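K.L.:
Predicted model follows, preceded by the sequence.
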Amino acid sequence: MSEIKIGVITASDRASAGIYEDISGVAIQDTMKDYLSSDFEIVYRCIPDVQRTLEETMIELCDKEGCCLVVTTGGTGPALRDVTPEATENVCEKMMPGFGELMRQVSLQYVPTAILSRQTAGIRGKSLIINLPGKPKSIRECLDAVFPAVPYC
């Protein structure tokens, strides 16, 4: 059996420029280690909040790298440069709105501003793309909620 490939994309102007460390991408990788007992490879990218760059990176990880799961962090808020959901919608053939609905429902238990989150998920070919929030604690809470559905996508 071939090793599972999981793509991790951090969308952050400052982290991609080296202004600060990407703790969110690391949080996703650490969480995957907790979830998966079989061997897997992380294909990691830290890129600026640029829609075209996000789209190209998602396509690369799904189509060229063969990642069955691509998890993004950052860029899901209402700010002008938050364009991760738009990029996801542009590259996916099918959207999976239940993922975003559940993640917002979970996050609202902890923080009222979760209603501003535009997290989503979609399928590109044989790959599932999930948009997560940017804070490590929120990443874990959201992944705990949606990960049981991942094998069925």
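P.N.:
Structure's in. What do you need?
K.L.:
Number of residues surrounding Pro136?
P.N.:
By other C-beta atoms under 10 Å, 17 other residues sit near Pro136. In this view, the C-beta of every residue, glycine as well, is placed from N, C-alpha and C.
K.L.:
Which parts of this structure are strands?
P.N.:
4-11, 40-47, 69-73, 94-95, 121-124, 127-132 (DSSP state E).
K.L.:
Can you lay out those as CSV showing mean pLDDT and mean neighbour count?
P.N.:
Formatted as CSV, the strands of the chain follow (pLDDT from 0 to 100; neighbours: other C-beta atoms under 10 Å):
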stretch, mean pLDDT, mean neighbour count
strand 4-11, 98, 24
strand 40-47, 97, 17
strand 69-73, 99, 28
strand 94-95, 98, 13
strand 121-124, 99, 22
strand 127-132, 98, 27
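K.L.:
Which one of those lies nearest to Val106?
P.N.:
Val106 lies closest to strand 127-132 among the strands of the chain, at 11.4 Å (C-beta to C-beta).
K.L.:
Provide the contact partners of that closest one at residue level.
P.N.:
7, 24, 28, 58, 61-62, 67-73, 75-76, 84-85, 88, 91-92, 96, 99-100, 103, 118-123, 138-139, 142-143, 146, 150, 153 (C-beta atoms under 8 Å, 6 or more residues apart in numbering).
K.L.:
Mind checking which of those residues are buried?
P.N.:
If you count burial by 16 or more other C-beta atoms under 10 Å, the buried members of the contacts of strand 127-132 come out as 7, 24, 28, 58, 61-62, 67-73, 75-76, 84-85, 88, 91-92, 96, 99-100, 103, 118-122, 138-139, 142-143, 146, 150, 153.
K.L.:
Which ones among these map onto helices?
P.N.:
24, 28, 58, 84-85, 88, 91, 99-100, 103, 138-139, 142-143, 146 (DSSP state H).
K.L.:
which one among these gets closest to Gly18?
P.N.:
Ser24 (15.1 Å).
K.L.:
I'd like the distance between the closest residue in space to that closest one that isn't next to it in sequence and Val146.
P.N.:
Distance criterion C-beta to C-beta, 6 or more residues apart in numbering; nearest residue to Ser24, sequence neighbours excluded, is Thr73 at 4.1 Å. Counting by C-beta to C-beta, to the nearest Å, the gap from Thr73 to Val146 is 14 Å.
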